[in-house]
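Got a predicted structure plus its sequence, pasted below:
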Amino acid sequence: MSSMSTRIPRELLQAYLATLYEAQTGEPAPLVLRIGEHSPRLLAAHRKAKVDASVFITAFNPEGQPLSAEENEVRHQQLMNALRDRVPVLFEGRGYSAANDWEERSVLALGVPLGMARQLGMRFGQNAIVWSGADAVPRLILLR
């Protein structure tokens, strides 16, 4: 997790840290990321795409405020459009609780440096994003 003070409630931070971040990469099993845990499959995806960074991001429920399914879908399409021309590889995904009692549609975008990842997260009103560098260790990057 990035080291900065935050306005994000502790319970929400704990939820982000416990969330499973899953991407559909075209392989039989989805790629599942966990904060702070090296991902050999993410590293392989980085190498295959010839990139050294990626972001797992959603446009759903800005600042943790629930929106309707329709509003969230429009926001997701806007995020996908913002990414399509700027990054080499996109995988549809979802962030979800271990109990599988909630989820948010998301995207894993390969080839996204940290500055660009932060800008996208702020543009879509997110509290945090999940960013991985060359070591393929997902980190929770706080934006508020």
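Structure received. From a predicted model like this one, the values you see are computed outputs, not experimental measurements.

What are the boundaries of the helices in this protein?
Secondary structure of the chain by DSSP state H: the helices cover 10-18, 40-49, 69-84, 114-123.

looking at these, which is closest to Ser132?
Proximity to Ser132 (Cβ to Cβ) singles out helix 40-49 among the helices of the chain, at 5.9 Å. No exception for glycine: its C-beta is placed from N, CA and C like everyone else's.

For the residue nearest the centre of the chain, list each beta-bridge partner.
With distances taken as Cα atoms, centre = their mean, Phe56 lies nearest the centre of the chain, 2.0 Å away. Counting by DSSP bridges, Phe56 is bridged to Leu108, Val130.

my guess is it contacts Ala128, does it?
No: the criterion here is Cβ atoms under 8 Å, and Phe56 misses it with Ala128 at 10.4 Å.

what number of residues lie near the residue lying closest to Ala109 once chain neighbours are set aside?
Using Cβ to Cβ, 6 or more residues apart in numbering and skipping the chain neighbours, the partner closest in space to Ala109 is Val87 (4.7 Å). Number of residues near Val87 (other Cβ atoms under 10 Å) recorded here: 19.

Start at 8, not 1
From this message on, residue numbering opens at 8, which makes the last subject Val94.

Who are the contact partners of Val94?
Ala116, Leu117, Gly118, Val119 (Cβ atoms under 8 Å, 6 or more residues apart in numbering).

for His45, same thing?
Going by Cβ under 8 Å, 6+ apart, His45 touches Asp142, Ala143, Val144.

I'd like to know how many residues surround the second one.
Close neighbours of Ala143, defined as other Cβ under 10 Å, add up to 21.

Then the last one?
By other Cβ under 10 Å, the residues close to Val144 number 17.

Pull the contacting residues for it.
With Cβ under 8 Å, 6+ apart, Val144 has these contacts: Gly43, Glu44, His45, Ser46.

Swap in 10 Å and give it another go.
The contact partners of Val144, by Cβ atoms under 10 Å, 6 or more residues apart in numbering, come to Leu40, Arg41, Ile42, Gly43, Glu44, His45, Ser46, Leu49, Leu50, Trp138.
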